[in-house]
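J.: build me a model from this:
(one chain, ligands or ions: 2)
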Amino acid sequence: MNNFIKLDPIYKVNGTVSLPGSKSISNRALLLAAQSVGTTRLINLLDSDDVQYMLNALYKLGIQYKLSSDRKICEIDGIGGPLQFQNKSSLHPQLTLFLGNAGTVVRPLIAALSIVTSQNIMLTGDVRMQERPIHHLIHALRQGGSQINYLKKEYHVPVCLNGGYRGGTIIIQGNISSQFLSSILMMIPLAPENTCIKVDGKLVSKPYIDLTLSIMKIFGITIQHQDYKIFYCEGNRLYVSPKEYIIEGDASSASYFLAASAIKGGTVKVLGIDKHSKQGDVYFSDILNRMGAFVSWGDNYIECTRGTTLNASIDIDVNHMPDAAMTLAIIALFTIEKKIPMILRNIYNWRVKESDRLYAMATELRKVGAKVIEGYDYLYIFAPQKIQSAYINTYHDHRIAMCFSLIALSGVSVIIDNPQCICKTFPDFFNQFFKISNTQQ
Ligand SMILES: O=C(O)C1=C[C@@H](OP(=O)(O)O)[C@@H](O)[C@H](O)C1
Ligand SMILES: C=C(OP(=O)(O)O)C(=O)O
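T.: Ligands and ions are numbered 1, 2, ... in the order given. Predicted structure coming up:
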């Protein structure tokens, strides 16, 4: 059976999209609510694979929650302390947590389950997750006393967790994934002793650290830091439920719709994020503005309309928005300036996400006619005179499927392989995309 979706040429876009809840916020909020004192009602929870992995894991760890029939409201009873699993035998892992390819579940749960001893939990993921890095996280946790063993391949999941984290001064590398630091930050208030984290080297994807700190604050814990280099937190504290918490729309998911209007004309409004959003990817719309699109903000929405021209030949460091930056790579194809490339810099960590995104994006962009130079941590993208129809391989990567759907705005059709991969973060993506698309000439 064929497993692809064909998108016909789209001649106009127009309309309003209600964004699904943010993946990054949903998984952080679930984890903190589960460990809080009190019950939390989470509103606008994302219903997608990555969040389901967190929910399944919490269930297996004995956390009680109720989901509404549309799965967007979750009432979760906190246990008022660190997650734990009561083990009967220390000989074999008693609990196995399979967490797919969800970075925002695997990394935070490794840290969260590193406090309480004698647990013997095996934590693992799918084939790709078994290739994605975790060693900086494990190395830092071990400095604080965690007992963690690699079960298959050094530096990767599966791992066996036996608790043991106490606190102290720990050093963590920041240059591969901010999720390592976020995971430790969320865990340390519940550790028995105080922790001082020193970040070694450059810290990537910084806005996600701000996101972590702001959600921790909503659950009652404030952490001080010195310019993201040193973080200090007292141990033996408690998260306190805010009772109710409304999860913002997903700013990375918004990028596909805002880009569609910047490319094609018509006006698209995304509901669920605005200027006050906590997610770094909201600044994607500032870049659209810089390229010539008209962007306006209001209470709980961003709206975008194409300007007279779209000049996407920009040279930009996008380390602070690794996910939305993939959408920029597609916008590059639609620039009026064909001789000057779009240059996306400082994106080495694209290589260690759902796919090797530097390789995958370069390969698929070439299929539609672009000339692409793939560097170690950058891409040069020269727009083709005319975009070509192509069969796009998606490498099990939801963002490749979603951003290459925008090719249909060029007046040619596009075929997207394995379209179900969007379920990682946005199962309703194609329906929402068709809703704003007009295929009548
Ligand atoms: O903390 C988070 O919620 C995320 C951080 C980013 O990863 P890196 O920090 O690995 O770049 C981002 O790409 C991912 O989708 C979500
Ligand atoms: C990098 C991503 O996911 P993960 O949370 O698995 O790292 C992503 O959603 O683009």
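
J.: for burial, what's the neighbour tally of the residue of the chain found nearest ligand 2?
T.: Closest residue of the chain to ligand 2, C-beta to the nearest ligand atom: Gly103 (2.6 Å). Every C-beta, even on glycine, is put in place using the N, C-alpha and C of the backbone. For Gly103, the neighbour count with other C-beta atoms under 10 Å is 25.

J.: contacting residues for it?
T.: Met129, Arg132, Ser177, Gln179, Lys353 (C-beta atoms under 8 Å, 6 or more residues apart in numbering).

J.: now the second one: how far from ligand 1?
T.: By that I understand Arg132. With distances taken as C-beta to the nearest ligand atom, to the nearest Å, Arg132 is found 9 Å from ligand 1.

J.: same check, this time on the third one
T.: Separation of Ser177 from ligand 1 (C-beta to the nearest ligand atom): 3 Å.

J.: state the pLDDT value of the nearest residue to that residue once chain neighbours are set aside.
T.: Here the nearest residue to Ser177 in space, its sequence neighbours aside, is Asn349; by C-beta to C-beta, 6 or more residues apart in numbering that works out to 6.2 Å. At Asn349, the pLDDT value in this model is 97.

J.: a helix runs through Asn349, doesn't it?
T.: Yes - assessed with DSSP: H, G, I helix; E, B strand; the rest coil, Asn349 lies in a helix.

J.: close to ligand 1, is the helix or strand where Phe404 lies?
T.: Assigned by DSSP states H and E, Phe404 belongs to helix 398-404. No - Helix 398-404 does not reach ligand 1 (C-beta under 6 Å from any ligand atom); its nearest approach is 8.6 Å.

J.: hmm, Asp299 is touching Asp274, no?
T.: Yes - the criterion here is C-beta atoms under 8 Å, and Asp299 meets it with Asp274 at 6.3 Å.

J.: may I see the buried residues of the following helix or strand past the helix holding Phe404?
T.: Downstream of helix 398-404, the next assigned helix or strand under DSSP H and E is strand 414-417. Residues Val414, Ile415, Ile416, Asp417 are the ones in strand 414-417 that count as buried (16 or more other C-beta atoms under 10 Å).

J.: enumerate the residues of the stretch 151-300 of the chain near ligand 1.
T.: So far as C-beta under 6 Å from any ligand atom goes, the stretch 151-300 of the chain lies against ligand 1 at Ser177, Ser178, Gln179, Ser182, Val204, Ser205, Tyr208.

J.: one more time with 5 Å, if that's ok
T.: Residues of the stretch 151-300 of the chain found near ligand 1 (C-beta under 5 Å from any ligand atom) are Ser177, Ser178, Gln179, Ser205, Tyr208.

J.: low-scoring pLDDT stretches of the stretch 51-200 of the chain, where are they?
T.: 86-93 (pLDDT under 70).

J.: picking that back up, what is the burial count for the residue nearest to Ser177?
T.: Look at Asn349: counted by other C-beta under 10 Å, it has 19 neighbours.

J.: got a list of what Phe231 touches?
T.: Leu181, Leu185, Thr195, Cys196, Ile197, Val199, Ile223, Gln224, His225.

J.: could you confirm Gly81 falls within a helix?
T.: No - using three-state DSSP, the assignment for Gly81 is coil, not a helix.

J.: narrow the contacts of Gly103 to those in helices?
T.: Among the contacts of Gly103, DSSP state H puts Gln179 in helices.

J.: just the buried ones from the contacts of Gly103?
T.: Going by neighbour count (16+ other C-beta under 10 Å), these have Met129, Arg132, Ser177, Gln179, Lys353 buried.

J.: from those, which is closest to Leu151?
T.: Taking C-beta to C-beta as the measure, Leu151 lies nearest Met129 of these, at 13.4 Å.

J.: so the closest one makes contact with Arg107?
T.: No - under the criterion of C-beta under 8 Å, Met129 makes no contact with Arg107, lying 10.2 Å away.

J.: which neighbouring elements make contact with the helix holding Phe404?
T.: Other helices and strands packing on helix 398-404, by 3 or more C-beta pairs under 8 Å, 6 or more residues apart in numbering; DSSP states H and E, are helix 251-264, helix 325-331, helix 357-367, strand 391-392, strand 414-417.

J.: could you rerun that using 10 Å?
T.: If you count contacts as 3 or more C-beta pairs under 10 Å, 6 or more residues apart in numbering; DSSP states H and E, helix 398-404 packs onto helix 251-264, helix 325-331, helix 357-367, strand 391-392, strand 414-417, helix 429-436.

J.: make CSV out of those and add distance to Ile400 and mean pLDDT.
T.: Converted to CSV, the helices and strands packed on helix 398-404 look like this (distance: least, C-beta to C-beta, whole Å; pLDDT from 0 to 100):
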stretch, distance to Ile400, mean pLDDT
helix 251-264, 12, 98
helix 325-331, 7, 98
helix 357-367, 6, 98
strand 391-392, 7, 98
strand 414-417, 8, 98
helix 429-436, 12, 98
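
J.: in a markdown table: those, plus distance to Tyr155.
T.: Output for these, formatted as a markdown table (distance: least, C-beta to C-beta, whole Å):
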| stretch | distance to Tyr155 |
| --- | --- |
| helix 251-264 | 27 |
| helix 325-331 | 26 |
| helix 357-367 | 20 |
| strand 391-392 | 32 |
| strand 414-417 | 30 |
| helix 429-436 | 33 |
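
J.: how about those, which one is nearest Lys6?
T.: Of all the helices and strands packed on helix 398-404, strand 414-417 comes closest under C-beta to C-beta, at 5.0 Å.

J.: which bits of the stretch 301-441 of the chain sit near ligand 2?
T.: Proximity of the stretch 301-441 of the chain to ligand 2, by C-beta under 5 Å from any ligand atom, involves residues Asp323, Lys353.

J.: so Ala401 touches Phe426, yeah?
T.: Yes - using C-beta atoms under 10 Å, Ala401 is in contact with Phe426, at 9.4 Å.

J.: before we move on, back to that, more neighbours: Asp299 and Asp274, which one.
T.: Asp274 (16 against 7).

J.: so what's Asp377 closest to, chain neighbours aside?
T.: Leaving aside its sequence neighbours, Asp377 sits nearest to Tyr348 (C-beta to C-beta, 6+ apart; 3.7 Å).
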